[in-house]
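[1] Got a sequence here, can you model it:
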Amino acid sequence: MSRQRQKFATAPLLSQALISTLAICGVIEWRSDLAVMAGVSPPRDAAMPVLPSRFATVILHFAPLFYHRSWRHAEVLLIGAILAPGTRTVASLLRICGLMRERHFVNYHRVLNRAAWSPLLASRLLLRLLIETFAPNGPVVLGLDDTIERRRGKRIAAKGIYRDPVRSSHGHFVKASGLRWLSVMLLVPIPWAERIWALPFLTALAPSERHNLEHGRRHKKLTEWGRQVVLQARRWLPGRDLVLVADSSFAALDFLAALVCHGVVCITRLRLDAALYDPAPPRLPGTVGRPRTKGERLPSLSKVLIDAGTIWQHALVPGWYGGGERAVDLCSGTAVWRHAGLPIVPIRWVLVRDPLGRFNPQALLCTDPNQDLRWFVQRWQLETTFQQTRAHLGVETQRQWSDLAIARTTPCLLGLFSLMTLLAAQLSPKARGAVMSAAWYHKRRPTFSDTLAAVRRHFWQEHGFAMSRHPGKAKKLRPALQEGITYALCHAA
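    Residues are numbered from 1 along each chain as shown. Model prediction:
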């Protein structure tokens with residue numbers, strides 16, 4: 001161990017959690033000082049934004065990923081991304097921090113397009129903090145989904161033409177030009193919101209087929225990227241039971257078989273015309289030839305759905321797609337899903353129909369017959385997270401052109417959703433439970449917009465809005481803070 005790391009290891013202000021962070025980032029050379037690690041605020045007249053001590057216990061976990069100078073610039077960008085309204089360009093982040101007259105503004109751009117730091121290690125640290133805070137025990141439920149970031153321009157090399165899932169419908173097809181991102185999220189109950197939130201921690205760019213052909217690379221299908229990111233999360237969580245919830249895009253035999261081999265339970269949709277079989281009968285002694293892989297062919301689920309002899313069970317599903325309780329009819333069974341040339345996956349299938357006919361019947365599958373398929377309704381929270389990050393965190397408003405900055409910015413903005421939730425957990429129950437209500441709109445539980453407002457309110461109070469009990473100690477706001485407030489109030493759009 002170097003002298004510098006021995007110095008940090010013996011510092012009384014260094015918490016045990018930060019020591020484990022340094023262990024994870026052991027390959028990174030740490031170039032900071034005790035003032036940064038201890039959360040010592042800069043002088044009041046300094047232009048650098050103040051990191052609240054209540055939030056320093058969370059944010060400083062990511063400091064060992066950077067060299068000292070890069071970390072100071074990254075810290076400014078992080079605070080600016082939390083406080084900035086509207087777009088999340090680097091220029092807007094500097095303006096909200098009162099650094100619009102910073103001559104060396106290019107150093108802040110270099111955090112994204114040049115600086116040496118590992119987004120993969122940042123994802124691992126973020127996942128560890130989320131697990132310790134919201135899911136310390138029990139099975140870990142993950143959600144996997146892709147989204148399209150609408151981007152245009154010749155400099156956006158990895159873009160492609162995709163079906164827009166938001167604007168398209170069954171009878172109307174809408175194409176969109178942009179980048180395809182695949183995100184893994186942690187599905188956990190948030191105490192102050194009293195509902196399940198999807199917290200992103202690992203996001204990967206899936207380049208288009210045209211981009212890979214132009215660069216001489218093998219094109220990876222979406223299921224291949226999904227297998228890679230989920231198995232990465234599996235390696236980060238040894239000893240924990242993992243349950244993956246995904247949509248029909250990941251109902252592929254090779255994808256499911258690869259995850260089953262690593263102990264990941266998958267829950268997704270199933271085609272009504274899927275080829276289902278009985279398990280292979282026991283092999284008799286003296287039988288010649290290859291072992292059988294399947295038994296007799298079972299009726300397709302579309303036939304089971306209309307069969308008058310099908311036995312349905314009435315059930316109440318809580319939190320149906322982000323709403324209240326929903327009464328449905330269920331029919332379940334076990335089978336072997338097989339297709340020629342692909343792996344064989346034993347599954348439990350469930351048919352779901354609405355007695356009132358409010359939605360079309362659908363089929364679900366689970367690779368573990370003993371798991372609860374009601375976890376599938378939590379998948380809708382992934383769509384809610386994508387919508388919230390676009391509305392409140394500026395996804396699709398960034399304007400980076402370099403490949404490295406593009407590959408870093410969108411995962412950082414999605415991870416900011418989870419980081420905001422972690423910061424809100426550090427607040428008092430009264431502060432994080434406050435809701436924005438009005439005479440014409442009554443809100444019972446806080447949403448992400450209220451959580452973001454609570455974190456911002458604490459930041460602004462630490463910047464200089466805290467009232468002193470002694471009237472003679474009133475001080476003027478420093479110029480950098482005045483410029484940030486002016487930008488927030490006058491340039492909100």
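[2] out of everything not next to it in sequence, what's closest to Asn113?
    Nearest residue to Asn113, sequence neighbours excluded (CB to CB, 6 or more residues apart in numbering): Ala405, at 4.0 Å. The way it works is simple: take the backbone N, C-alpha and C, and place the C-beta from them, glycine included.
[3] The one you found belongs to a helix?
    Yes - membership of Ala405 in a helix is supported by DSSP: H, G, I helix; E, B strand; the rest coil.
[4] Report pLDDT for it.
    If you check Ala405, the pLDDT there is 94.
[5] what's stretch 103-112 in contact with?
    For stretch 103-112, the external contacting residues (CB atoms under 8 Å, 6 or more residues apart in numbering) are 69-70, 73-74, 76-77, 90-91, 93-94, 99, 102, 400, 404-405, 408-409, 412.
[6] for it, which positions count as buried?
    By 16 or more other CB atoms under 10 Å, the buried positions in stretch 103-112 come out as Asn107, Tyr108, His109, Val111, Leu112.
[7] For Ser332, which three-state class applies?
    Classification of Ser332 using three-state DSSP returns strand.
[8] partners of it in the sheet?
    Following DSSP bridges, Ser332 is listed with bridge partners Val350.
[9] Am I right that it is in contact with Trp349?
    Yes - taking contacts as CB atoms under 8 Å, Ser332 lies within contact range of Trp349: 6.8 Å.
[10] Neighbour count: those two, which is higher?
    Trp349 (22 against 15; other CB atoms under 10 Å).
[11] Could you list which residues are in contact with the more buried one?
    Counting by CB under 8 Å, 6+ apart, the residues that Trp349 touches are Leu270, Leu276, Leu301, Ser332, Gly333, Thr334, Ala335, Ala363, Leu364, Leu365.
[12] which phi and psi does the first one have?
    When read as degrees, to the nearest 10, the backbone of Leu270 gives phi -140, psi 140.
[13] out of the contacts of Trp349, who's nearest Val435?
    For the contacts of Trp349, the minimum distance to Val435 (CB to CB) is 34.1 Å, reached by Leu364.
[14] Please work out how many residues are found near the residue lying closest to the closest one once chain neighbours are set aside.
    Using CB to CB, 6+ apart and skipping the chain neighbours, the partner closest in space to Leu364 is Val350 (4.7 Å). The local packing of Val350 (other CB under 10 Å) involves 20 other residues.
[15] does Ala233 sit in a helix or strand, and which one?
    helix 222-236 (DSSP states H and E).
[16] for the helix or strand just after that helix, which positions count as buried?
    Using DSSP H and E, the helix or strand that follows helix 222-236 in sequence is strand 242-246. For strand 242-246, burial by neighbour count (16+ other CB under 10 Å) applies to Leu242, Val243, Leu244, Val245, Ala246.
[17] I'd like the mean pLDDT over the host helix or strand of Ser123, please.
    Here Ser123 sits within helix 119-134, counting by DSSP H and E. Average pLDDT, helix 119-134: 97.
[18] For that helix, buried residues please.
    119, 121-131, 133-134.
[19] Including distance to Lys443, could the residues you listed go into JSON lines?
    Formatted as JSON lines, the buried residues of helix 119-134 follow (distance: CB to CB, whole Å):
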{"residue": "Pro119", "distance to Lys443": "35"}
{"residue": "Leu121", "distance to Lys443": "38"}
{"residue": "Ala122", "distance to Lys443": "33"}
{"residue": "Ser123", "distance to Lys443": "32"}
{"residue": "Arg124", "distance to Lys443": "35"}
{"residue": "Leu125", "distance to Lys443": "33"}
{"residue": "Leu126", "distance to Lys443": "28"}
{"residue": "Leu127", "distance to Lys443": "30"}
{"residue": "Arg128", "distance to Lys443": "32"}
{"residue": "Leu129", "distance to Lys443": "28"}
{"residue": "Leu130", "distance to Lys443": "25"}
{"residue": "Ile131", "distance to Lys443": "29"}
{"residue": "Thr133", "distance to Lys443": "24"}
{"residue": "Phe134", "distance to Lys443": "22"}
